[in-house]
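Asks: return atomic coordinates for the entry below.
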Amino acid sequence: MLVADQSTCLERLALFRARLQRLFEEWKAKPLSVPENQFPGELLNALRTTGAFDALFAIEDNGLGLCQTPEGAQILMMLLRKVGYLSLSLGRCLEGHVTVVRLVELYGTRFQRHALKLQLKNGSLAGIWVTDGSSPVTIRRKGPNYTLSGIKGFASGIRQVGVALITAMPQHGEALMVLAPTTDFERHRPGPGTLTGMQASGTGAYDFTGLQISSDDIIGSSGDYLRQPEFSAGAWRGSAVALGGMDHLIDLLRQELLERERAGSPHQLTRIGEALILQKTAAMWVHEAAQAAYSAYMKPEDVTSIINLARLAVEQAALDLITLVQRSLGLAAFIKGKAVEQIMRDLATYLRQPAPDEALTEAAAWFVHHDWPEAGQ
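Replies: Now for the predicted structure:
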């Protein structure tokens with residue numbers, strides 16, 4: 001990239017960052033008054049207006065490269081953290097949307113990248129639905145096209161998502177990634193039941209049985225979805241969203257203690273200090289993970305191991321923070337309908353990511369035999 005082009009891109013990133021900060025300050029001041037099972041559509045539209053979704057695309061496609069460059073990754077981290085603060089449910093859906101853009105940019109053709117941009121140009125939300133439901137999704141050749149069969153469960157934002165990247169098993173080989181339309185409401189199926197938290201994300205299931213697709217809808221090659229380091233590296237984005245939930249919890253804790261005139265208690269000050277340590281520890285891990293995800297120097301095993309450790313560090317910090325908030329506020333933290341109670345449930349639910357033990361032991365096994373990589377090497 002030419003120096004002038006890079007300078008222009010950095011200026012555009014700075015302008016977007018300022019717009020995002022203004023939006024955050026405006027929404028931060030709003031009370032949490034909507035029902036907890038209502039999708040935050042108004043906030044989603046505000047993000048679209050701010051240009052958050054267009055910014056995800058590559059610079060050559062008139063985006064800001066949030067999914068491609070180290071500089072863009074820093075703004076993406078801010079975006080995910082701020083949205084996590086305002087709505088963990090929307091943060092989950094935005095995280096999925098970003099993952100779709102990222103995977104198509106990595107494994108798709110130029111035609112497919114352009115097609116996805118056109119699909120999302122009108123503000124449509126993309127979803128990453130890879131968990132199979134009661135029957136796994138398969139893909140079979142039928143003449144010049146392909147036919148899907150099966151159900152995807154735990155489909156976040158099922159009523160808002162217009163296109164989903166799913167995994168489908170062929171007769172031979174590993175799973176394929178498929179971009180499939182998801183606008184047919186008659187294909188909606190009940191979700192896993194009412195979740196304790198994250199109800200606003202609108203989790204359901206979608207039946208792809210009989211859906212016809214073409215070869216242009218197949219992204220990459222067999223097994224690409226599980227290809228490292230990207231398969232594990234994407235977890236840093238979820239950690240950034242969770243960090244935003246932690247930020248919100250700490251603000252609510254400080255606010256309530258001040259209102260009760262209990263913030264001067266040495267016991268409460270101890271908890272606030274411990275909460276801030278947890279918050280800053282999680283933030284440093286997210287920053288480290290984002291840097292690793294976009295490093296041009298690290299080995300793939302370094303990247304996956306660092307991000308797995310970061311994911312677990314943020315999870316533990318968030319769980320410890322929830323315990324601190326409950327101890328500080330007592331029964332007031334358990335009153336249904338209060339923001340602090342809802343955010344604790346949302347955060348605890350959001351943190352339930354798959355295979356934490358495996359992620360920990362694999363990372364430890366790598367660093368038993370290898371030094372921690374130096375920055376820039």
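
Asks: all the strands of the stretch 51-200 of the chain, residue numbers only.
Replies: In chain order, the stretch 51-200 of the chain shows strands spanning 125-129, 138-142, 145-149, 151-155, 161-168, 176-181, 188-189, with DSSP state E, counting those that start in this stretch as the criterion.

Asks: format those strands as a markdown table; extra columns: distance to Pro356 and mean neighbour count.
Replies: The C-beta positions use only the backbone N, C-alpha and C, and glycine is treated the same way. Written out in a markdown table, the entries for the strands of the stretch 51-200 of the chain read as follows (distance: least, Cβ to Cβ, whole Å; neighbours: other Cβ atoms under 10 Å):
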| stretch | distance to Pro356 | mean neighbour count |
| --- | --- | --- |
| strand 125-129 | 19 | 26 |
| strand 138-142 | 29 | 15 |
| strand 145-149 | 31 | 17 |
| strand 151-155 | 17 | 22 |
| strand 161-168 | 21 | 23 |
| strand 176-181 | 24 | 21 |
| strand 188-189 | 28 | 15 |
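
Asks: using TSV, lay out those together with mean pLDDT and distance to Ile213.
Replies: Conversion of the strands of the stretch 51-200 of the chain to TSV gives the following (pLDDT from 0 to 100; distance: least, Cβ to Cβ, whole Å):
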stretch	mean pLDDT	distance to Ile213
strand 125-129	96	15
strand 138-142	95	8
strand 145-149	96	5
strand 151-155	94	14
strand 161-168	97	9
strand 176-181	97	6
strand 188-189	94	19
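
Asks: so which of those strands gets nearest Ala283?
Replies: Across the strands of the stretch 51-200 of the chain, Ala283 has its closest neighbour in strand 125-129 (24.9 Å, Cβ to Cβ).

Asks: what's that closest one in contact with?
Replies: With contacts defined as Cβ atoms under 8 Å, 6 or more residues apart in numbering, strand 125-129 is touched by 44, 93, 96-97, 99-101, 103, 116, 119-120, 152, 154-158, 160-166, 182, 206.

Asks: and stretch 213-232, by the same measure?
Replies: Defining contact as Cβ under 8 Å, 6+ apart, one finds that stretch 213-232 is touched by 102-104, 106-108, 111-112, 115, 130, 139, 144-148, 165, 167, 170, 173-180, 293, 300-301, 303-304, 307-308, 359.

Asks: nearest residue to Ser135 in space, please, no chain neighbours.
Replies: Closest residue in space to Ser135, ignoring its immediate chain neighbours: Gly150 at 4.7 Å, by Cβ to Cβ, 6 or more residues apart in numbering.

Asks: wait, the one you found sits on Thr131?
Replies: No - with contact defined as Cβ atoms under 8 Å, Gly150 does not reach Thr131; the gap is 11.5 Å.

Asks: how close does Leu324 get to Gly91?
Replies: In this structure, Leu324 and Gly91 are separated by 22 Å, where distance is defined by Cβ to Cβ, to the nearest Å.

Asks: out of those two, which sits in the busier spot?
Replies: Gly91 (30 against 19; other Cβ atoms under 10 Å).

Asks: which SS class is Glu330?
Replies: Small correction: residue 330 is Gly, not Glu. Classification of Gly330 by DSSP: H, G, I helix; E, B strand; the rest coil places it in helix.

Asks: report the rounded mean pLDDT for stretch 332-340.
Replies: Per-region confidence: stretch 332-340 scores 92 on mean pLDDT.

Asks: give me the contacts around it.
Replies: Identification of contacts with stretch 332-340 by Cβ under 8 Å, 6+ apart yields Leu32, Leu249, Leu252, Leu253, Glu256, Val325, Gln326, Leu329, Glu341, Met344.
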